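Visitor: next comes the sequence, and after it the predicted model I'd like to discuss.
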Amino acid sequence: MTKIPLSQIVNSKKIPGWSTEEDDFENYEIGLEKASRHPGKNCAFIKSRSADESDELARNAHGRLRQVCGVEDFKGHRIRMTAWLKTDLAQDAVGRLECMAIGKWGWYCKWNGTFDNMSDRQLTGSTDWSEYSLVIDVPEDSYSLYFGVIIFGVGKMWLDQVRLEIVDKEVPLTGLPARPINLDFTD
């Protein structure tokens with residue numbers, strides 16, 4: 001795959017408030033298009049630069065369309081992130097919605113309910129618009145919120161109508177099983 005100069009990509013398809021990680025620029029592009037669930041409205045997309053499923057680099061790459069923001073309004077609460085997604089993914093590609101509260105514990109802390117990236121319910125193939133939700137806790141000592149979509153492999157994902165809302169603590173977390181399962185390995 002041809003390396004694209006960072007300056008060329010950063011200035012080409014900006015989406016206010018949204019970005020991709022610097023390492024993703026070579027393999028993925030982000031942008032807006034009129035493919036929203038609502039006629040005449042924009043939605044965002046992330047798309048692999050290569051459409052060649054036999055390209056090992058493209059098949060093994062991953063990219064994010066994400067936003068990072070402060071958490072003052074959400075500290076100490078359980079939140080639900082809801083978004084509409086559409087996919088057109090190659091055979092071995094997967095897509096996920098993701099949301100995490102970040103604090104002194106670092107970026108990845110799935111075990112305390114501050115993270116969900118749909119690892120147990122990945123999107124595959126071509127799908128029409130569907131609504132998905134993630135529920136996480138935002139501890140008092142959180143300092144940022146990271147959310148968006150991630151794609152592994154070749155394909156395209158569309159993102160529309162993202163919402164963040166405070167929910168009751170009775171709403172179950174989505175990144176953790178509610179209780180232990182299959183402890184005797186019979187399932």
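Guide: Okay, I see it.
Visitor: all contacts plus neighbour counts: C-alpha atoms, from now on.
Guide: Will do.
Visitor: show me what contacts the residue nearest the centre of the chain?
Guide: Centroid-nearest residue in the chain, with C-alpha atoms, centre = their mean: residue 149, separated by 2.0 Å. The neighbourhood of residue 149, defined by C-alpha atoms under 8 Å, 6 or more residues apart in numbering, consists of 64-66, 95-98, 159.
Visitor: residue 121: which of those is nearest?
Guide: If you rank the contacts of residue 149 by distance to residue 121 using C-alpha to C-alpha, residue 96 comes first, at 8.0 Å.
Visitor: look up how far residue 140 lies from that closest one.
Guide: Distance, residue 96 to residue 140, by C-alpha to C-alpha, to the nearest Å: 26 Å.
Visitor: with residue 60 instead?
Guide: Residue 60 is 37 Å from residue 140, by C-alpha to C-alpha.
Visitor: ditto for residue 158
Guide: In terms of C-alpha to C-alpha, residue 158 sits 32 Å off from residue 140.
Visitor: how far does the helix or strand encompassing residue 47 sit from the chain's center?
Guide: Assigned by DSSP states H and E, residue 47 falls within strand 43-48. Relative to its chain's centre, strand 43-48 lies at 11 Å (C-alpha atoms, centre = their mean, to the nearest Å).
Visitor: quick one: mean pLDDT for stretch 172-183?
Guide: For stretch 172-183, mean pLDDT rounds to 77.
Visitor: what does that stretch contact?
Guide: Outside stretch 172-183, the residues that touch it by C-alpha under 8 Å, 6+ apart are 110-111, 113, 115-118, 134-137.
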